[in-house]
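# the sequence and its predicted three-dimensional model are supplied below.
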Amino acid sequence: MSKPAKKKSGLSETWRQLKKNKAAVVSLFIIIAVALVAIFAPFLAPYPYDEQNTKRALEPPSEDYLLGTDRLGRDILSRLIYGTRQSLQMGVVATVIAAVVGVIIGAVAGYYGGWVDNLLMRLLDIYQSIPMFLLCVTLAAVLGPSLRNAVIAIGISMVPGFARLMRASILTVREMEYVEAAKSINASNARIIYKHIIPNAIAPTIVSLTMSIGGSVMAGAGLSFIGLGVQPPMAEWGAMISDARNYMRAHGTLALYPGICIMITVLAFNLLGDGLRDALDPRLKN
Amino acid sequence: MAPLLEVQDLKKYFKTGAGLLHAVDGVSFTLDQGKTLGVVGESGCGKTTLGRVILHLLDLTDGKMYFEGQDITYPTRKELRRLREEMQIIFQDPYSSLNPRMTVSEAIMEPLIIQKKLNKDEIRAETKKLMDTVGLAERFENAYPHELDGGRRQRIGIARALALKPKFIVCDEPVSALDVSIQAQIINLMLDLQEERDLTYMFVTHDLSVVKYISDEIMVMYLGQVVEKAPSDELFRDPLHPYTQALLSAIPIPDIHQKRERIIMKGEITSPINPKPGCRFAARCWLASEECNNPQVLQEIAPNHFVACWKANNADY
Amino acid sequence: MIRGLRIEVHEVAENILEIKDLVVKYHTDDAVIHAVNGVNLTVKKGETIGLVGETGAGKTTIARSILRILQTPPAKIWGGEIIFKDEDIMQKTEKEMRKIRGNQIAMIFQDPMTALNPIERVGFQIAEAIGLHNKISRAEAERRACDMLEMVGIPMERYNEYPHQFSGGMKQRVVIAMALACNPELLLADEPTTALDVTIQAQVLEMMQSLKEKLGTSVILITHDLGVVAQTCDSVAVVYAGEIVEYGTAEHIFDHTAHPYTIGLFNSLPKLDSTEPRLKPIKGLMPDPTNLPKGCSFCERCPEAMEKCAEKSPGVTEVAPGHFVKCFLVGGE
């Protein structure tokens, strides 16, 4: 009798499908690289992010300063490297918080329906009528400008999107026969939600999550740009663009480098999200 | 011996925007242990809803149900848990009735895990036994439903239904979605299982040849009501209700020399929402008359042969 | 009696379609699916030929190849000719094909629910089909569409209704009306009544029969239901794993069944007048189309399998005039 084939976890199947999408794989590597840069920043950066050298301010790239210096003589390369930490934090942490909270709200609303669903959705309606960025800005201003508060603000503003998406998925999955089958074998509501509904409804959320990280990075950059996010002398890409505002004409690269970093990171996350959507989809099809 | 399952005047109505949808409207029957009741009808007759209501997957609107003599119409949570171990269901669609993210063995052992009666090793052993019983090779233990064909997926559904060792199984069109040669395999399996385990089936289907093969007694439904009920052979030999006759005449027989006289009913099925009293088939019946506006009741025309048609009662028909 | 008449007509009639050695494969990322492996088929003018087989046998692929509406990629027609009215369809350009589809060859699909555009009125969809292939005024197209509706048993008054206002059976009638609107010479019907209730199926099949006789259409009816075949088809081709394993008139197939697979199919059916306690299914499953066995593709499941069946693939034997079987039991060298 032949031995049973090894269990193919959902993860390995997804990876197999994802591998076929070159853009997604490249993006994944870029993201991993960025993450590594963030983790190992102190070892990679030639200078501390706040070391000023006003005598050598606004210099073009040279041997000492590979990408040049900003208006306070700080090494741009080092600030870009350290900035990875801040930008990624705002992007990833905020999005993950939003996703977790959103998924729970959406799952409860979708599964129980009725007045629970109604109540939650109307609350979300009110919530969503406030423009996202305005909400961010207000929260950040009220809580006080800091990285942590920026993350909270961005996270809070993204919750409704995830909640609605999850709810929509749940509404579809809830009608599937295997949910009815689970009821027929005495599964509790909790078990049904945990084992049957969420694993099958989560795919769109995973895709959305990945693609929202890009948006969060941008939101974080935006907040820092207007001074409500990361505070000086912390390095953050948006803040760096803000710093370079007054020098754009003569020293355009000051804003260009952090801009490129934002662009590459956001693009990588979006392409990965696209790839994930395709990888997660056909597996569910016959 | 008391019947295993007794259903009295069961009703299930759904509130819709357009009115009250009479999905199941006054169905009664008894079912003895070890026997198979075939429930036949076309779309909208309520046969699927009937199965779900009996299993408490849907709440009933009115009527009574008895299992092994006990009233199970409104069970408590605890009673329902116990009931579910005795009454199981096999679904029609072998794909949508299985969680695509659970492997074959995970799907089969789930009822046992929930039941909490056996330990991990015992569950594993029992799962292997179940797979063997339904003819699933061991090598499929870790396979996912989408990797298997319809027949194998349906075997998973059957194994899952058997896990809790039920006495009664509602089979909701279990072979309709399968190819002919696979259908035959699954039907044989279900018959074998019935013999070995003294199972009682309620076999819901639209396929008349299959239902004749597997049922002891057949109930024909139309728009929520039972129009005829008789032992299997008797129903086919002597169908009394006009709808049953039309239904039987519509089956295409795989024999080129038997071109039967097709009774072509006129029109389409009428709406189950806020139906008028009286026979619901009258609008399409070639024998309809004024009398049909009165509610038709199931009457025993011949031993154990019930018909809900006043015309069937008259000898000159 | 009537059957005899039809056979006479056959001997005089020409072939409207001839498929020669058709080979179609699907190329996916993982593997190559050998969907159609050398199919030969002829359809005579005015006849209904049933293409019988189970899921995955390749019947739908054959039909779509005739109309060249396969999704390429992943499908690819590797070889063969499809001669329609003395011209090879394989050689035609897309522009020429567009003049044929819906006009000379029409197709109706299994699922009436999704075959109709939900946001267009039903009458308009029929008129559109007519207008595409005939240079006539809109009023004239509408008039003809109304005629078609009447012909399929739908009151003209329903011309302006939307698909969702029709039941499944009615929708399928509309689909049939669309398909026959331009009076095609060949109709490909892919499981047209499988999704319908049995009483509605009877109505629709009856209607299709009378229409076909009135318009003289040739029909390729794809189905897995041998009962439907018995009631409607003049000839039958049994498809298994991309090949036609048995082909002949309905009489040949039903009364003188020769190929073990066909015999197995008949045995699997629960018969209304049988007293056997168990059915006789064909053991096993259809072979993996990405990994077809050497030799006869039915060998593993065949109760009469011989040693040579696993080594070589049998050739075609004409066991009776017009009755072809692909099996070593009857010849096949």
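Yes, it's here. All of these numbers come straight from a predicted model, not from anything done at the bench. Numbers count the residues shown, from 1 in each chain, chains lettered A, B, ... in the order given.
# the helix or strand that contains B:L50 - contacts with which helices or strands?
Assigned by DSSP states H and E, B:L50 falls within helix B:47-54. For helix B:47-54, the packing partners by 3 or more C-beta pairs under 8 Å, 6 or more residues apart in numbering or on different chains; DSSP states H and E come out as strand B:5-16, strand B:19-31, strand B:36-40, strand B:87-90, strand B:168-172, strand B:200-205. For glycine as for every other residue, the C-beta is placed from the backbone atoms N, C-alpha and C.
# in its sheet, which strands sit next to the fourth one, and in what direction?
Within its sheet, strand B:87-90 is paired with strand B:168-172 (parallel), according to DSSP bridges.
# what residues does the stretch 151-300 of chain B put near chain A?
For the stretch 151-300 of chain B, the residues in contact with chain A (C-beta under 8 Å from any C-beta of the partner chain) are B:157, B:160, B:163-164.
# between the residues you listed, which is nearest C:A195?
For these, the minimum distance to C:A195 (C-beta to C-beta) is 21.8 Å, reached by B:G157.
# that's a strand at that closest one, yeah?
No: B:G157 is assigned helix when assessed by DSSP: H, G, I helix; E, B strand; the rest coil, not a strand.
# so it sits against B:Q92, correct?
No: the criterion here is C-beta atoms under 8 Å, and B:G157 misses it with B:Q92 at 9.4 Å.
# neighbour count winner among the two?
Of the pair B:G157 and B:Q92, B:G157 is the one with more neighbours under other C-beta atoms under 10 Å in any protein chain shown, namely 27 against 20.
# for the more buried one, what are its contacts?
With contact taken as C-beta atoms under 8 Å, 6 or more residues apart in numbering or on different chains, B:G157 is in contact with A:181, B:90-91, B:94, B:97-98, B:174.
# 10 Å instead?
Counting by C-beta atoms under 10 Å, 6 or more residues apart in numbering or on different chains, B:G157 touches A:177-178, A:181, B:89-94, B:97-98, B:107-108, B:134, B:145, B:171, B:174, B:186.
# check C:K326 too.
C:K326 touches C:38, C:238, C:240, C:243-247, C:258-259, C:261, C:296-298, C:313-317, C:332, counting by C-beta under 10 Å, 6+ apart.
# just the buried members of these?
By neighbour count, with 16 or more other C-beta atoms under 10 Å in any protein chain shown, these hold C:38, C:238, C:240, C:243-247, C:258-259, C:261, C:296-298, C:313-314, C:316-317, C:332 as buried.
# what about C:G46, distance to C:V175?
C:G46 sits 22 Å away from C:V175, going by C-beta to C-beta, to the nearest Å.
# residues near the residue nearest to B:I158 when sequence neighbours are not counted, how many?
Leaving aside its chain neighbours, B:I158 sits nearest to B:V134 (5.1 Å; criterion: C-beta to C-beta, 6 or more residues apart in numbering or on different chains). Residues lying near B:V134 (other C-beta under 10 Å) number 21.
# how about B:G63?
When neighbours are defined as other C-beta under 10 Å, B:G63 has 18 of them.
# so what strands line up beside the strand or helix carrying it?
In this structure, B:G63 sits in strand B:62-67 according to DSSP H and E. Sheet pairing of strand B:62-67 (DSSP bridges) gives strand B:5-16 (antiparallel), strand B:70-71 (antiparallel).
# can you mark which positions in that strand are buried?
Across strand B:62-67, burial judged by 16+ other C-beta under 10 Å covers B:63, B:65-67.
# with respect to A:A94, which of those is nearest?
The nearest member of these to A:A94, counting by C-beta to C-beta, is B:M65 at 53.6 Å.
# spit out the contact partners of the closest one.
Contacts of B:M65 were listed using C-beta under 10 Å, 6+ apart, and they are B:5-8, B:10, B:53-54, B:56, B:71-75, B:83.
# change it to 8 Å
Counting by C-beta under 8 Å, 6+ apart, B:M65 touches B:5-8, B:10, B:54, B:71-73.
# what is the neighbour count of the residue in the stretch 101-250 of chain A that chain C sits nearest to?
For the stretch 101-250 of chain A and chain C, the shortest gap (C-beta to the nearest C-beta) falls at A:E175, measuring 17.1 Å. A:E175 has 10 neighbouring residues, counting by other C-beta under 10 Å.
# do the same with A:T54
Residues near A:T54, counting by other C-beta under 10 Å, number 11.
# same question for the one 3 residues further on.
Other residues near A:A57 come to 16 when the count uses other C-beta under 10 Å.
# my guess is it contacts A:G68, does it?
No: using C-beta under 8 Å, A:A57 is not in contact with A:G68; the gap is 9.8 Å.
# is B:I90 in contact with B:I169, as I believe?
Yes: using C-beta under 8 Å, B:I90 makes contact with B:I169 at a distance of 6.2 Å.
# overlap of the contact sets of those two?
Contact with both B:I90 and B:I169 is made by residues B:A161, according to C-beta under 8 Å, 6+ apart.
# which residues does the longest helix seen in chain C contact?
Determined from DSSP state H, the single longest helix within chain C is helix C:198-215. With C-beta under 8 Å, 6+ apart as the test, helix C:198-215 has contacts from B:42, B:206, B:208, B:246-247, B:249-252, B:262, B:264-265, C:48, C:151-153, C:167-169, C:172-173, C:176, C:180, C:183, C:187, C:189, C:192-193, C:196, C:217, C:219, C:228, C:231-232.
# which of these are buried? Put it as a PyMOL command.
Selection of the buried residues among the contacts of helix C:198-215 in PyMOL, burial being defined by 16+ other C-beta under 10 Å:
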select buried, (chain B and resi 42+206+208+246+247+249+250+251+252+262+265) or (chain C and resi 48+151+152+153+167+168+169+172+173+176+180+187+189+192+193+196+217+219+228+231+232)
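# counting by contacts, list what the helix or strand where A:F29 lies packs against.
Using DSSP H and E, A:F29 sits within helix A:22-39. Contacts defined by 3+ C-beta pairs under 8 Å, 6+ apart place helix A:22-39 against helix A:10-19, helix A:76-88, helix A:253-284.
# where among these is average confidence lowest?
Between the helices and strands packed on helix A:22-39, the one with the least mean pLDDT is helix A:10-19; it has a mean of 76.
# and C:L22, that one's in a strand?
Yes: judged by three-state DSSP, C:L22 forms part of a strand.
# once you drop chain neighbours, what's closest to it?
C:G80 (3.6 Å).
# can you classify that neighbour by secondary structure?
Per three-state DSSP, C:G80 ends up strand.
# do the same with C:N183
Bear in mind the rule, three-state DSSP; under it C:N183 is coil.
# spatially nearest residue to it (excluding sequence neighbours)?
According to C-beta to C-beta, 6+ apart, the nearest residue to C:N183 is C:L215 (5.8 Å).
# now that neighbour: how far from B:T127?
Taken as C-beta to C-beta, the span from C:L215 to B:T127 is 58 Å.
# my guess is A:L88 contacts A:A35, does it?
Yes: contact status for A:L88 versus A:A35: in contact at 6.8 Å, counting by C-beta under 8 Å.
# what's the neighbour count on the closest residue to C:D234 other than its chain neighbours?
Leaving aside its sequence neighbours, C:D234 sits nearest to C:E47 (C-beta to C-beta, 6+ apart; 4.4 Å). Residues near C:E47, counting by other C-beta under 10 Å, number 23.
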